[in-house]
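Undergrad: got a predicted model here, sequence first, then my questions.
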Amino acid sequence: MSQTRKSPWLPTTKKEVEQLGWEQLDVILFTGDAYVDHPSFGIAVIARILESLDLKVAVIPQPNWQDDLRDFKKLGRPRLFFGVSSGNMDSMINHYTANKRLRSDDTYTAGDKAGFRPDYATSVYSKILKSLFPDVPVVLGGIEASLRRFTHYDYWSDALKKPILVDSEADILVYGMGEKAIKDIATALNNGANIASLQTIRQTAFISKQRDFAKIENTEEILLSGYEKCIADKKIFATTFKTIEEESNKTHSKRLIEPVDKGFMVVNPPAELMTTEELDAVYRLPFTRLPHPKYVKKGAIPAYEMIKFSVNIHRGCFGGCSFCTISAHQGKFITSRSTSSIIDELSKLSMMVDFKGNISDLGGPSANMYQMRGTNMELCEKCKRPSCAWPAICPNLNTNHSALSDLYKRVRDLPFIRKATIGSGIRYDLFADNSESSQRYKSELIKYHVSGRLKVAPEHTNEGVLRLMRKPSIILFKKFYDDFTRINNANKLRQQLVPYFISSHPGCTIENMRQLAAEMKSMKLQPEQVQDFTPTPMTLSSVMFYTGIDPYTMKQVFVATKKEDKLAQKDLFFWKK
């Protein structure tokens, strides 16, 4: 990188740009989050990736969309494109509870204050930019864009919405973890390409008025039913989702084409799975790991405080839970960082002025999927299962925990680490083989890496509900609870198991919730981590909630949709009251 940096942060104001001696920016990124230069914040990763291409990049966090739009104008016209993201969360989940009550806080804002981003932030930001600079390309990214790339059910308007590229008026969308795609887009535009010509970049989506767009070599195409047919028939929407989910979980996906507004929404297949070396390179980028200094007097950013001393060791999740967006966004195949990359990040954390030697999490989307993948990847290439762990662990899945146990041991032995706890959720179904590696991992986890409370997510106790959730049998949770108690007693530890549960999931009745409460009471467990089901775009559960149909069986599913019914189910969590 040839640019000379006078500040460790990327610029956010005109004054900061001028201090760098830059006359025009190449890329300007807008985000609904506060600007935290940390690899857990998507906009920071994209900004550093673009900076590594020797581009002049600025970040405008939480622009004011309600005044004269000065935040959108202040840095002028970028040479290449605007990038837009709602932030690390879908803005509607960020704003509203499961009962559609407006939240009074925002963990991604300094001072935990609400009101610093609009509803449907990605579309709002994009429309403003296209109205001010109609000839400058707008590139969408982030989880809101990613999970709304197709026709989707929007819980907050209780309606199907068109693909977000239609509503946002943007030029191109990057879905999932977008490092490779954003590099390809930036490189092509920097070499003089027109944004409309970028039709073959993997992990992107675009809109075409005619079906004469460029072909991707050796890639088949599927024509989906489209928005108009989905809105007319819930069964068509359900079967369309099944096709999308199955293609999203394959190693070699087809291009998906969705008719909308007399044109076509084209979603290209994902990029090749990142290698360990490529993922390590992302974490070597020069992150300050800190919020921008502009927030010093504005209060803490809770989401940052939560992950400040945590380390992400892998990407992806093969759990395939019906209600979860992780595999839809990050993919189901695991890419793990090298041990040396993880140790290097821990060393950097140890040099932070307020580091006390404690790591709050050494995990990922799930805590214990590190270096797990198919034993025979050729079999994986033929597979379209949404989960490698449900309805049972795939016999081709390597669930050996030895690499993770060895990593934990390396971390425990570091002189600057007092304790590294595991804050990510544990998949106890991966212990079902009772192998030596599973037993070792389970024992060392409980002995050395619990903060006093260990999070697990059985989600329910009823086998029928668990089947619709794609979660393992409650029998496996009870087995892990027994092991947890036994290992604690053997080591004279007083630690708690904290189970997560969901109420009002499709298929769940009030009687099912009474049974859950009785089961927890019999185990002397009092649920604390409880969540009323919130339908989120591009999940199986949200499709079942909207249609009342299981797309994989086309059978009817009971759904509690009324506010009072949902509250009644949630209240049963608190049986002690």
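TA: That came in fine, so what should we check first?

Undergrad: show me the domain layout of this structure.
TA: Using automatic domain parsing, the domain parsing of the chain gives 14-267, 309-422, 452-577.

Undergrad: could you tell me the end-to-end distance of the longest one?
TA: Between the start and the finish of domain 14-267 there is a gap of 36 Å, counting by Cα to Cα, to the nearest Å.

Undergrad: contacts for stretch 124-135, please.
TA: Stretch 124-135 is contacted by residues 30, 32, 63, 65, 69, 72-73, 77, 82, 84, 86, 118, 136, 138, 140, 168-170 when judged by Cβ atoms under 8 Å, 6 or more residues apart in numbering. For every residue, glycine as well, the C-beta is placed using N, CA and C.

Undergrad: can you select the buried ones from these in PyMOL?
TA: Of the contacts of stretch 124-135, the buried ones can be selected in PyMOL as follows, counting by 16 or more other Cβ atoms under 10 Å:
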select buried, resi 30+32+63+65+72+82+84+86+118+136+138+140+168+169+170
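
Undergrad: among the contacts of stretch 124-135, which lie within strands?
TA: Judged by DSSP state E, the contacts of stretch 124-135 include 30, 82, 84, 138, 140 as members of strands.

Undergrad: got CSV for those, with distance to Ile46 too?
TA: CSV is the format used below for the ones in strands among the contacts of stretch 124-135 (distance: Cβ to Cβ, whole Å):
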residue, distance to Ile46
Phe30, 11
Phe82, 12
Val84, 11
Val138, 14
Leu140, 12
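
Undergrad: dihedrals phi and psi, the spatially most central residue of the chain?
TA: Nearest residue to the geometric centre of the chain (Cα atoms, centre = their mean): Ile326, 4.7 Å. Ile326 has phi and psi values of phi -60, psi -50 when expressed as degrees, to the nearest 10.

Undergrad: just checking, it touches Pro386?
TA: No: applying Cβ atoms under 8 Å as the test, Ile326 and Pro386 come out as separate, 11.9 Å apart.

Undergrad: the closest residue to Ser248 other than its chain neighbours: how many residues sit nearby?
TA: In space, and not counting its chain neighbours, Ser248 is closest to Ala328: 6.3 Å by Cβ to Cβ, 6 or more residues apart in numbering. When neighbours are counted by other Cβ atoms under 10 Å, Ala328 registers 26.

Undergrad: and Ala328, how far from Lys479?
TA: Distance, Ala328 to Lys479, by Cβ to Cβ, to the nearest Å: 30 Å.

Undergrad: in the sheet, who's paired with the residue lying closest to Gly83 once chain neighbours are set aside?
TA: The shortest distance from Gly83 to any non-neighbouring residue, by Cβ to Cβ, 6+ apart, is to Leu29 (4.2 Å). Beta-bridge partners recorded for Leu29 (DSSP bridges): Val59, Gly83.

Undergrad: now do the contacts for Leu29.
TA: Contact partners of Leu29, counting by Cβ under 8 Å, 6+ apart, are 43, 46-47, 57-60, 82-85.

Undergrad: after the least confident helix or strand in the chain by mean pLDDT, next one along is what?
TA: The least trusted helix or strand in the chain, going by mean pLDDT, DSSP states H and E, turns out to be strand 529-532, with a mean of 82. Counting by DSSP states H and E, the next helix or strand C-terminal to strand 529-532 is helix 540-547.

Undergrad: show me what that following helix is in contact with.
TA: 152-153, 155, 160, 234-235, 237-238, 241, 245, 322-323, 386, 468-470, 505-507, 533, 535-536, 549-551, 557, 559, 561.

Undergrad: what helix or strand is Gly299 on?
TA: Gly299 belongs to no helix or strand, assigned by DSSP H and E.

Undergrad: for Leu69, see how far away it is.
TA: For Gly299, the distance to Leu69 - Cβ to Cβ - is 26 Å.

Undergrad: now Leu29
TA: 17 Å.

Undergrad: likewise for Ala328?
TA: Ala328 is 33 Å from Leu69, by Cβ to Cβ.

Undergrad: equivalent analysis for Thr325, please.
TA: 31 Å.

Undergrad: and what of His314?
TA: 41 Å.

Undergrad: same thing with His460?
TA: Taken as Cβ to Cβ, the span from His460 to Leu69 is 47 Å.

Undergrad: how about Phe206?
TA: 26 Å.

Undergrad: also Thr251?
TA: On the measure of Cβ to Cβ, Thr251 and Leu69 end up 44 Å apart.

Undergrad: regarding this protein, what is its longest helix?
TA: The longest helix of the chain (DSSP state H) is helix 474-490.

Undergrad: which SS class is Lys384?
TA: Counting by DSSP: H, G, I helix; E, B strand; the rest coil, the backbone at Lys384 sits in coil.

Undergrad: so which residues of the stretch 1-150 of the chain form strands?
TA: 27-31, 36-37, 57-61, 81-85, 138-140 (DSSP state E, counting those that start in this stretch).

Undergrad: which of the ones you listed sits closest to Tyr283?
TA: Tyr283 lies closest, by Cβ to Cβ, to one member of these: strand 36-37, at 13.2 Å.

Undergrad: the closest one pairs with which strands, and in what direction?
TA: Strand 36-37 is paired, per DSSP bridges, with strand 290-291 (antiparallel).

Undergrad: in the helix or strand Ser347 falls within, which residues are buried?
TA: Per DSSP H and E, Ser347 falls inside helix 339-350. Residues of helix 339-350 classed as buried: 341-343, 345-346, 349-350 (neighbour count, 16+ other Cβ under 10 Å).

Undergrad: picking up where we left off before, Serialize the strands of the stretch 1-150 of the chain to a markdown table and add fields for distance to Ile201 and mean pLDDT.
TA: Putting these into a markdown table (distance: least, Cβ to Cβ, whole Å; pLDDT from 0 to 100) gives the following:
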| stretch | distance to Ile201 | mean pLDDT |
| --- | --- | --- |
| strand 27-31 | 16 | 98 |
| strand 36-37 | 26 | 98 |
| strand 57-61 | 19 | 98 |
| strand 81-85 | 13 | 98 |
| strand 138-140 | 11 | 98 |
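
Undergrad: redo the ones you listed as a markdown table? Include distance to Asn512.
TA: Output for those, formatted as a markdown table (distance: least, Cβ to Cβ, whole Å):
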| stretch | distance to Asn512 |
| --- | --- |
| strand 27-31 | 40 |
| strand 36-37 | 40 |
| strand 57-61 | 43 |
| strand 81-85 | 38 |
| strand 138-140 | 39 |
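
Undergrad: closest one to Thr200 among those strands?
TA: So among the strands of the stretch 1-150 of the chain, strand 138-140 is nearest, using Cβ to Cβ, at 15.8 Å.

Undergrad: give the other helices and strands that that closest one contacts.
TA: The contact analysis (3 or more Cβ pairs under 8 Å, 6 or more residues apart in numbering; DSSP states H and E) places strand 138-140 against strand 81-85, helix 121-132, helix 164-168, strand 172-174.

Undergrad: and that strand, how far out from the chain's middle?
TA: The chain centroid and the centroid of strand 138-140 are separated by 19 Å, computed with Cα atoms, centre = their mean, to the nearest Å.

Undergrad: partner strands of it, parallel or antiparallel?
TA: strand 81-85 (parallel), strand 172-174 (parallel).

Undergrad: helices of the stretch 1-150 of the chain, start to end?
TA: Applying DSSP state H, counting those that start in this stretch to the stretch 1-150 of the chain gives helices spanning 14-19, 42-52, 70-73, 91-95, 121-132, 143-147.

Undergrad: and among those, the most buried is which?
TA: helix 143-147 (a mean of 26; mean count of other Cβ atoms under 10 Å).
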